[in-house]
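[1] model the structure of this input:
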Amino acid sequence: MKRGCVMILAEKIIKLRKEQGWSQEELAMRLDVTRQSVSKWESTASLPDLDKILRMSELFGVSTDYLLKDEAPPETGCINGESDVEGSVRTIPLEEANRYLSTVQQTSGRIANGVSLCILSPAPLILLTAAAEQKALPLSASLAASVGICALLILVAAAVALFVSNGLRLSRYEYLEKEPITTEYGVAGIVESRQREYEPVHKKMLVLGITLCIVSVLPLLAVATTGDEFLVCAATACIFPLVAVGVNLIVRTASVWGSYQKLLEAGDFTREKKAENKRDEPFVVFYWCLVLAVYLGLSFVTRRWDTTWIVWPVMSVLFGAALALKSMLQKKP
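    The predicted model follows:
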């Protein structure tokens, strides 16, 4: 089968699968194959056997000519002669897809920098307070704390400015996370190709980012037994830059990777996931607002910014458990 025919078949499978509202898993189940097989067909990495092409022709309610030939007359996929296409499905042309991918490329780094500023914000407070207590600076403990809090607020304000300005640029594309979409002919293949090219970079950035987050505690472990309070505080402050860089890499690459996933309705952006996320949205907003309130309240009351950051990883782990519990309760009759 010629390369052009392979591309045509991949595009038709993606188009017809999305028209029926099926995920790759659902199509795989109907064809009695693995999800990886469907993924390879859609990415042109492999070809389905003839019997699978015939089976898809029956499933989608189209001819094999339509599946394999670019010049075949347009056909609308249906099941048992009835269209299952949602009337609200939005079609994404190539120009819109390119604009979105370009916007994400431009904003992902700035948003990641904003996250890094938030992570770094407690570091000056910890260092200044420790230095004042050890008489390393000609400042009283209260003045050092005030300067540190001012630095914290300035860094957070700068981060918020980055979030708001870049979030506004991305706001016009929010429908990609919430609404069912389909792409014009040829668009999915182009996005798939770009995603495959970016995948090695994505994996390297994820590995490096996660590694930096893990090793960030090494300076603290190295001085924990010295008994020197200033060294312990300085080592604690060193955690924040390492975590900031690691999280920056993770957020940056996750944003770009997510842009491909959204256009392809894959991963966390399948139609089923979109519907589920829409139901969970009020709970998610309430949960993280509550976590932020607890973190700020605990930190300002105890003035232990060097330890209260643990709220975030703990509550992040509990978030998954809370969503799972919510889902279980909703399924109960």
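[2] average pLDDT for stretch 89-105?
    Taken as a whole, stretch 89-105 has an average pLDDT of 91.
[3] how about the helices of the stretch 101-250 of the chain, start to end?
    Here the stretch 101-250 of the chain has its helices, by DSSP state H, counting those that start in this stretch, at 122-133, 141-170, 175-178, 187-215, 218-223, 229-264.
[4] what comes up buried for the shortest one?
    Read it as helix 175-178. Within helix 175-178, the residues scored as buried using 16 or more other C-beta atoms under 10 Å are Leu176. For glycine as for every other residue, the C-beta is placed from the backbone atoms N, C-alpha and C.
[5] return the distance of that helix from the chain's centre.
    Counting by C-alpha atoms, centre = their mean, to the nearest Å, helix 175-178 is centred 13 Å from the centre of its parent chain.
[6] shaky segments in the stretch 51-200 of the chain?
    70-88 (pLDDT under 70).
[7] between the helix or strand containing Val301 and helix 229-264, how many degrees?
    Assigned by DSSP states H and E, Val301 belongs to helix 271-302. Counting by axes from the mean of the first three to the mean of the last three C-alpha atoms, to 10 degrees, helix 271-302 lies at 160 degrees to helix 229-264.
[8] can you list the helices of the stretch 101-250 of the chain in CSV and add distance to Thr103?
    Listed next are the helices of the stretch 101-250 of the chain as CSV, based on distance: least, C-beta to C-beta, whole Å:
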stretch, distance to Thr103
helix 122-133, 31
helix 141-170, 6
helix 175-178, 11
helix 187-215, 14
helix 218-223, 38
helix 229-264, 9
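[9] so which of those is the most surrounded?
    Most buried of these by mean neighbour count (mean count of other C-beta atoms under 10 Å) is helix 122-133; its value is a mean of 22.
[10] give the other helices and strands that it contacts.
    Counting contacts by 3 or more C-beta pairs under 8 Å, 6 or more residues apart in numbering; DSSP states H and E, helix 122-133 packs against helix 141-170, helix 229-264, helix 305-308.
[11] pretty sure Ala132 sits against Val147.
    No: between Ala132 and Val147 there is no contact, the gap being 9.2 Å when judged by C-beta atoms under 8 Å.
[12] on that earlier part again, quick one: closest of the helices of the stretch 101-250 of the chain to Leu325.
    helix 175-178 (23.6 Å; C-beta to C-beta).
[13] and the closest one, what does it pack against?
    For helix 175-178, the contact count by 3+ C-beta pairs under 8 Å, 6+ apart identifies helix 229-264, helix 271-302 as packing neighbours.
[14] can you put those helices in JSON lines and add distance to Val115 and mean pLDDT?
    Listed next are those as JSON lines, based on distance: least, C-beta to C-beta, whole Å; pLDDT from 0 to 100:
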{"stretch": "helix 229-264", "distance to Val115": "5", "mean pLDDT": "89"}
{"stretch": "helix 271-302", "distance to Val115": "14", "mean pLDDT": "81"}
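[15] got a markdown table for these, with distance to Thr34 too?
    Formatted as a markdown table, those follow (distance: least, C-beta to C-beta, whole Å):
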| stretch | distance to Thr34 |
| --- | --- |
| helix 229-264 | 18 |
| helix 271-302 | 18 |
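[16] and of those helices, who's closest to Met7?
    With C-beta to C-beta as the criterion, Met7 lies closest to helix 229-264 of those, at 15.3 Å.
[17] for the closest one, packing partners?
    Helix 229-264 is packed against helix 94-120, helix 122-133, helix 175-178, helix 187-215, helix 218-223, helix 305-308, with contacts defined by 3+ C-beta pairs under 8 Å, 6+ apart.
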